[in-house]
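> heads up, no residue letters with this:
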């Protein structure tokens with residue numbers, strides 16, 4: 001089997017509103033869809049969702065890289081996923097979301113060729129994943145109302161709360177959310193690099209009193225030593241998670257050696273797709289570190305890939321693949337991949353990603 005043709009299409013769907021985190025505001029759900037066709041009549045699809053503050057890509061720069069990379073694919077073996085990654089890495093450094101779109105399309109082809117849903121192709125036996133839902137930064141009362149809707153109307157049992165702009169604001173919002181969610185709903189928070197070492201250490205006991213499971217990316221992405229210091233001096237049971245610090249296998253090795261985290265957040269858009277996501281999970285497992293698979297402002301194509309990765313790895317114990325719910329009417333309009341039942345995502349049993357376009 002060889003690749004015969006590729007094409008790139010823009011995906012656009014309206015967001016329900018702006019989404020604010022400590023590192024910036026997201027007001028667009030635009031992304032790119034890549035189609036890779038083969039001489040076996042199998043077409044794979046993948047998606048790229050770049051965001052400058054995390055991946056270093058804009059929508060426009062991602063498109064230019066995608067054009068450059070996809071133009072070189074015809075004639076290559078789509079099942080040689082590692083070889084194609086090595087080739088892409090030689091051509092251009094980083095650009096994780098562009099490479100992720102191609103990676104996902106290749107895995108879609110491989111799973112379709114094997115007649116298996118992607119999660120089973122990756123080695124999983126169960127296609128059901130418990131997922132969280134994210135509350136962006138807003139006025140504390142509005143965050144409380146949104147969290148209540150997610151729990152009592154949509155049926156989610158895990159909340160992820162964005163924090164990091166102002167501690168007093170964070171504390172007010174978290175106390176309100178805990179009250180409306182009740183004691184049995186799990187809550188973790190994401191500071192998106194918004195705290196200092198000293199402030200992070202100071203707030204951990206209060207977070208434990210509120211019942212926070214874990215804090216994601218307290219410190220700047222470069223401060224591996226600071227995260228290791230924070231974890232070593234953490235007086236609570238609140239877990240420390242790294243997200244923006246973990247882009248590739250080298251970051252995972254460094255964080256593992258420093259014992260800088262209890263969890264890694266693997267994002268396909270950061271690391272370049274499933275191929276490297278699997279490797280990061282293995283590095284973490286060797287260091288007895290658990291993982292979560294998170295997302296950017298992604299559509300169901302890459303979310304289905306991320307959820308399949310969660311299902312496939314025993315040490316990936318958390319899922320944060322909820323961005324399709326940020327689109328208007330809580331849906332991006334793409335059919336297939338998975339269905340939602342409360343906070344559970346049930347992956348399609350159709351071959352590949354199971355996406356219907």
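Thanks, I have the structure now. Everything numeric here is computed off the predicted structure, so don't read it as measured data.
> Residue 94: neighbour count?
16 (other CB atoms under 10 Å). Glycine gets a C-beta too; all of them are placed from N, C-alpha and C.
> Please name the nearest non-neighbouring residue to it.
Closest residue in space to residue 94, ignoring its immediate chain neighbours: residue 56 at 5.9 Å, by CB to CB, 6 or more residues apart in numbering.
> got a list of contacts for the lowest-mean-pLDDT helix or strand in the chain?
Within the chain, no helix or strand scores below strand 24-26, which has a mean of 74 by mean pLDDT, DSSP states H and E. Applying CB atoms under 8 Å, 6 or more residues apart in numbering, the set of residues contacting strand 24-26 from outside is 15, 18, 19, 20, 51, 53, 297.
> cool, and stretch 174-182?
Contacts of stretch 174-182 (CB under 8 Å, 6+ apart): 135, 140-141, 143-144, 147-148, 151, 159, 161, 163, 187, 189, 207, 210-212.
> now do 6 Å
140, 144, 147, 148, 151, 210, 211 (CB atoms under 6 Å, 6 or more residues apart in numbering).
> So which of those residues belong to helices?
Applying DSSP state H to those, the entries found in helices are 140, 144, 147, 148, 151, 210.
> quick one: which of the contacts of stretch 174-182 is most hemmed in?
Ranking the contacts of stretch 174-182 using other CB under 10 Å puts residue 147 first, with 25 neighbours.
> How much space separates that one from residue 213?
Between residue 147 and residue 213 the distance is 15 Å, computed by CB to CB, to the nearest Å.
> what does residue 86 give?
Taking CB to CB, one finds residue 86 at 38 Å from residue 213.
> Could you do residue 195 as well?
17 Å.
> Now do the helices in this structure.
Counting by DSSP H, the helices of the chain are 52-55, 59-70, 81-91, 96-114, 118-121, 140-152, 167-181, 197-210, 224-233, 249-258, 268-271, 274-286, 300-312.
> buried sites along the second one?
Pointing back at helix 59-70 there. In terms of neighbour count (16 or more other CB atoms under 10 Å), helix 59-70 has its buried residues at 59, 62, 63, 65, 66, 69, 70.
> Identify the residues contacting it?
6, 8, 30, 32, 48, 50, 88, 95, 97, 98.
> Go again with 7 Å.
Contact with helix 59-70 is made by 6, 8, 30, 32, 34, 48, 50, 88, 91-92, 95, 97-98, 101-102, as judged by CB atoms under 7 Å, 6 or more residues apart in numbering.
> Pull out the buried residues from those.
Buried by 16+ other CB under 10 Å: 6, 8, 32, 34, 48, 50, 88, 95, 97, 98, 101, 102, out of the contacts of helix 59-70.
> Residue 128: which of those is nearest?
residue 101 (26.0 Å; CB to CB).
> Could you measure from the closest one over to residue 8?
8 Å.
> joint contacts of those two?
By CB under 7 Å, 6+ apart, the residues touching both residue 101 and residue 8 are 32, 34, 66.
> So between residue 86 and residue 213, which is more surrounded?
Each of residue 86 and residue 213 has its neighbours counted (other CB under 10 Å); residue 213 has more, 19 against 11.
> check contacts around the spatially closest residue to the more buried one that is not a sequence neighbour.
Of all residues not flanking residue 213 in the chain, residue 188 sits nearest, at 4.7 Å (CB to CB, 6+ apart). Contacts for residue 188 (CB under 7 Å, 6+ apart) come out as 160, 212, 213, 214, 216.
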